[in-house]
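Q: Take a look and give me a structure for this.
(4 chains)
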Protein chains: 2
Amino acid sequence: MAPTRRSSSKKERRQESEKLILAAAEKVFAEAGFGGATMQLIADMAGLPKANLHYYFPTKESLYRQVVQNIFQIWLQAADIFDQADGPAEGIGAYIDAKMEISRRHPAGSKVWASEVMHGAPVIQDYLETTLTDWTEGRADVIRRWIAEGRMDDIDPRHLLYMLWATTQHYADFGHQIETLNHGAPLSDDQWSAAKTSVKRIILRGIGAVQ
Amino acid sequence: MAPTRRSSSKKERRQESEKLILAAAEKVFAEAGFGGATMQLIADMAGLPKANLHYYFPTKESLYRQVVQNIFQIWLQAADIFDQADGPAEGIGAYIDAKMEISRRHPAGSKVWASEVMHGAPVIQDYLETTLTDWTEGRADVIRRWIAEGRMDDIDPRHLLYMLWATTQHYADFGHQIETLNHGAPLSDDQWSAAKTSVKRIILRGIGAVQ
DNA sequence: GCGCATCCTGACCGTATGGTCAAATTCAGA
DNA sequence: TCTGAATTTGACCATACGGTCAGGATGCGC
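A: The predicted model follows:
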């Protein structure tokens, strides 16, 4: 009745190892890119011998694929907010908040995703064509409904979505540049808050959803 | 009096060779990242033997550095428009147009720049700290003046600039994603035009520079 | 035509990388 | 305590990469 020790079953330990490796891999892939990352570096960051990585993930590419997929999941979750809102000011505002928070808490993931897409999405092209396409069209419909209801200006939903993605992810992907322009210091709580406010204000007023 | 042959002096030929190599390098670095790019690939794309590359550029890093610097120059040139304008609607509008055009005509360069910054700007950190910092502060002053003159709302100039960069460069850096969401086709002339219009409309109204 | 500097390139080298493997270790279940 | 499956790991391998170099080709100035 008590085959579980203090903390872990066999499966749990396996999942923990995978999680540890994936976290290290995300960092290294973000910092060096797929080509610049080495299994040795990831192993060192995870505090494991290199051969152990290949026990859990047979190839570098399979490890990378898993990292990218995990990021994509986080992306999609944050997007649910969009639907639960009943108007553009609330929905898009909450979406901006959520994506800014991801950029702040999960910058490495954002960079890996950006890198993957920039290089032509060699690994997750199928996701772009299926899940992302579906999601985008769904949200575009919501936006079109808002426009039809007169709750915002007549803006092309696609370009609005691109702007939302671009603006929020910029704070993660170009975080280093922003930090440099901030006298070398990471954005403070207040500065992050100001960033969110600025982005929301400009976009929501820009599409005629407020005022 | 006619030491120049049909087309080229010694120096001119050298410059042409360097240009050819730099063009190939930009493409390969954009597609594969610094780590994923190989001198052999660049050589093949330029139609030259690998050893020839090392004659013009001693190391991979020196070649990469040159590519990044060239992109930065194009960036800065486009920014002059900002100053020549006498108000935010005109100045920022023209800046958006210019940067969108660069994203369209020079996507590889934009990707290389994004990749460089995302990886912590190992090669052009000094540019960020000097030239880009100066440029940014100069433009922020212009924006503050416009605000003081009541020609636009009171927006933090930094976050406005980040939004301009993010939005315009997104069309280059995430061009593949945009293409996929456009049923696999590159944006047409009309779609590019619509993109520019959307971006300008949202931002200029968002900051209270028009209407 | 000659001499010299520039330019070009095939062959080569040391290193680092992704990946393999077989032997050692751990550990749940009987 | 015993057994077998899961896990861990140091040593190893083939390959690909950045970079070198010596020798050959080219073309300008005289």
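Q: got the residues of chain A near DNA strand C?
A: A:3, A:5, A:9-10, A:37-40, A:50-51, A:54, A:58-61 (Cβ under 7 Å from any atom of the strand). All C-beta atoms are positioned from the backbone trio N, CA, C, and that covers glycine.
Q: Residue A:157 and residue A:145 touch, don't they?
A: No - between residue A:157 and residue A:145 there is no contact under Cβ atoms under 8 Å: 10.1 Å.
Q: Pick out whichever of those two has more residues nearby.
A: Taking other Cβ atoms under 10 Å in any protein chain shown, residue A:157 and residue A:145 do not tie; residue A:157 has more neighbours (18 against 11).
Q: separation between the more buried one and residue A:102?
A: Distance of residue A:157 to residue A:102, given as Cβ to Cβ, to the nearest Å: 21 Å.
Q: again with residue A:14
A: In terms of Cβ to Cβ, residue A:14 sits 27 Å off from residue A:102.
Q: can you pick the most crowded of the residues of chain A next to DNA strand C?
A: Neighbour counts for those, by other Cβ under 10 Å, peak at residue A:37, which reaches 23 neighbours.
Q: In strands, which of the residues of chain A next to DNA strand C fall?
A: Mapping the residues of chain A next to DNA strand C onto strands (DSSP state E) picks out no residues; all lie outside.
Q: Burial check on residue A:75, number of neighbours?
A: 21.
Q: Identify each buried residue in the helix or strand containing it, please.
A: Using DSSP states H and E, residue A:75 sits in helix A:60-78. Residues of helix A:60-78 classed as buried by neighbour count (16 or more other Cβ atoms under 10 Å in any protein chain shown): A:60, A:63, A:64, A:65, A:66, A:67, A:68, A:70, A:71, A:72, A:75, A:78.
Q: again with stretch A:13-24
A: Residues of stretch A:13-24 classed as buried: A:17, A:21, A:22, A:23, A:24 (neighbour count, 16+ other Cβ under 10 Å).
Q: Please put the alpha-carbon coordinates of it into CSV.
A: The C-alpha coordinates for stretch A:13-24 follow below in CSV (Å, rounded to 0.1, in the frame of the first residue of the first chain):
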residue,chain,number,x,y,z
ARG,A,13,11.0,10.5,-11.7
ARG,A,14,11.1,10.1,-15.4
GLN,A,15,8.9,13.1,-15.9
GLU,A,16,11.0,15.1,-13.6
SER,A,17,14.1,14.2,-15.5
GLU,A,18,12.5,15.2,-18.8
LYS,A,19,11.3,18.4,-17.3
LEU,A,20,14.8,19.2,-16.1
ILE,A,21,16.3,18.6,-19.5
LEU,A,22,13.6,20.5,-21.3
ALA,A,23,14.1,23.5,-19.1
ALA,A,24,17.9,23.5,-19.7
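Q: any bit of that stretch sitting next to DNA strand D?
A: Yes - taking Cβ under 7 Å from any atom of the strand as the criterion, stretch A:13-24 and DNA strand D are in contact, through A:13, A:14, A:17.
Q: average model confidence for that stretch?
A: Stretch A:13-24 carries an average pLDDT of 94.
Q: try stretch A:152-160
A: Average pLDDT, stretch A:152-160: 98.
Q: end-to-end on it?
A: This stretch, stretch A:152-160, spans 12 Å end to end (Cα to Cα, to the nearest Å).
Q: Now do it: distance to the chain's middle.
A: Chain-centre distance of stretch A:152-160: 23 Å, with Cα atoms, centre = their mean, to the nearest Å.
Q: TSV for the buried residues of helix A:60-78, including distance to residue A:174 and pLDDT?
A: Compiled in TSV, those are given as follows (distance: Cβ to Cβ, whole Å; pLDDT from 0 to 100):
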residue	distance to residue A:174	pLDDT
A:60	26	98
A:63	26	98
A:64	22	98
A:65	25	97
A:66	25	97
A:67	20	98
A:68	20	97
A:70	22	95
A:71	17	94
A:72	20	94
A:75	18	89
A:78	19	86
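Q: Check which helices and strands the helix holding residue A:75 is in contact with.
A: Counting contacts by 3 or more Cβ pairs under 8 Å, 6 or more residues apart in numbering or on different chains; DSSP states H and E, helix A:60-78 is packed against helix A:10-36, helix A:88-105, helix A:107-118.
Q: Flag the helix or strand of chain A with the lowest per-element mean pLDDT.
A: One helix or strand of chain A scores below all others by mean pLDDT, DSSP states H and E: helix A:80-84, with a mean of 84.
Q: Could you list the low-pLDDT ranges of chain A?
A: A:1-8 (pLDDT under 70).
Q: and if we set it to 80?
A: A:1-12 (pLDDT under 80).
Q: and it, which residues reach DNA strand D?
A: A:10, A:13, A:14, A:17, A:48, A:49, A:50, A:51, A:52, A:54, A:55, A:56.
Q: can you do 6 Å?
A: Proximity of chain A to DNA strand D, by Cβ under 6 Å from any atom of the strand, involves residues A:10, A:14, A:17, A:48, A:49, A:51, A:52, A:55.
Q: which SS state does residue A:122 fall under?
A: Classification of residue A:122 using DSSP: H, G, I helix; E, B strand; the rest coil returns coil.
Q: Contact partners for it?
A: Applying Cβ atoms under 8 Å, 6 or more residues apart in numbering or on different chains, we find residue A:122 in contact with residue A:116.
Q: do residue A:160 as well
A: Residue A:160 touches A:143, A:203, A:207, B:198, B:202, counting by Cβ under 8 Å, 6+ apart.
Q: Which single one of those residues is nearest to DNA strand C?
A: The shortest gap between DNA strand C and any of the contacts of residue A:160 belongs to residue A:203, at 40.0 Å (Cβ to the nearest atom of the strand).
Q: Distance of the closest one relative to DNA strand D?
A: Taking Cβ to the nearest atom of the strand, to the nearest Å as the measure, residue A:203 falls 41 Å from DNA strand D.
Q: which of the residues of stretch A:13-24 next to DNA strand D lies closest to DNA strand C?
A: Using Cβ to the nearest atom of the strand, the residues of stretch A:13-24 next to DNA strand D come closest to DNA strand C at residue A:13, 7.9 Å.
Q: what's the distance between the closest one and residue A:19?
A: 11 Å.
Q: Equivalent analysis for residue A:152, please.
A: 41 Å.
Q: before we move on, what about residue A:119?
A: Residue A:119 sits at a distance of 26 Å from residue A:19 (criterion: Cβ to Cβ).
Q: you'd agree residue A:152 is up against residue A:146?
A: Yes - taking contacts as Cβ under 8 Å, residue A:152 lies within contact range of residue A:146: 5.2 Å.
Q: Need the overlap of contacts for those two.
A: Common contact partners of residue A:152 and residue A:146 (Cβ under 8 Å, 6+ apart): A:88, A:209.
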